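Student: What follows is a predicted structure for the sequence shown.
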Amino acid sequence: MTLHVSFYSDAADPLHFACRLIRRALASGKPVGVCVDAAQATRLDELLWSFDAAEFIPHRRWDGATAPAPGEVLLVDDAARLPHRGLLLNLRDDMPSDALAFERVLEVIGQAPERVQAGRARYRVYQQSGAKLDHFSAAG
């Protein structure tokens, strides 16, 4: 099976945009993991609690000690630690470890020039690995 990677560029607020993607990803029925650094994990955790008053998005920072509940979004700083290889949402500027082993990867790229440059570098790595790639604008 070929890895499918979607890039979402021009996100004014990458973490808020990620909440929308996480909600859609959960609807796919695949297990969802989010690769995020510790500083952003705190803000993402807060956003997921308050993102939609009518719909709770089950999530937690995953320590690997307890089994995940079905439909629970796991926040990690290292994708290789995830207990599944379903859907990975990357919010880091570097290539997630084990990213090429997932079924699906979503890459959210902000507007800062250094984030755009880092995203382009990851795009090339995925491209060279033979992944199916697509790109969408997160602007607006």
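Tutor: Ah, there it is. Numbering: from 1, shown residues only.

Student: and L75, that's in a strand?
Tutor: Yes - under DSSP: H, G, I helix; E, B strand; the rest coil, L75 sits within a strand.

Student: Please, where are all the helices along this structure?
Tutor: Counting by DSSP state H, the chain has helices at residues 14-27, 38-50, 113-128.

Student: quick one: the closest residue to L3 other than its chain neighbours and C19, what's the gap?
Tutor: Nearest residue to L3, sequence neighbours excluded (C-beta to C-beta, 6 or more residues apart in numbering): A131, at 4.2 Å. For glycine as for every other residue, the C-beta is placed from the backbone atoms N, C-alpha and C. Shown here: A131 relative to C19, a distance of 25 Å by C-beta to C-beta, to the nearest Å.

Student: Ok, S97 next?
Tutor: Remark: distance between S97 and C19 (C-beta to C-beta) = 24 Å.

Student: likewise G71?
Tutor: Here the criterion is C-beta to C-beta. By it, G71 lies 16 Å from C19.

Student: ok, these two, which is more surrounded?
Tutor: Using other C-beta atoms under 10 Å, the more surrounded residue of G71 and C19 is C19, with 18 against 12.

Student: quick one: pLDDT of that one?
Tutor: pLDDT, C19: 93.

Student: Can you tell me the closest non-neighbouring residue to it?
Tutor: Of all residues not flanking C19 in the chain, F51 sits nearest, at 4.4 Å (C-beta to C-beta, 6+ apart).

Student: That neighbour touches R23, doesn't it?
Tutor: Yes - assessed by C-beta atoms under 8 Å, F51 is found in contact with R23 at 7.5 Å.

Student: Please enumerate the shared neighbours of those two.
Tutor: I57 (C-beta atoms under 8 Å, 6 or more residues apart in numbering).

Student: So L91 sits against I109, correct?
Tutor: No - the criterion here is C-beta under 8 Å, and L91 misses it with I109 at 9.8 Å.

Student: For I109, give me its contacts.
Tutor: By C-beta under 8 Å, 6+ apart, the residues touching I109 are F7, Y8, S9, D10, A11, P14, R115, V116, G119, A138.

Student: Also L47?
Tutor: Contacts of L47 by C-beta under 8 Å, 6+ apart are L15, H16, C19.
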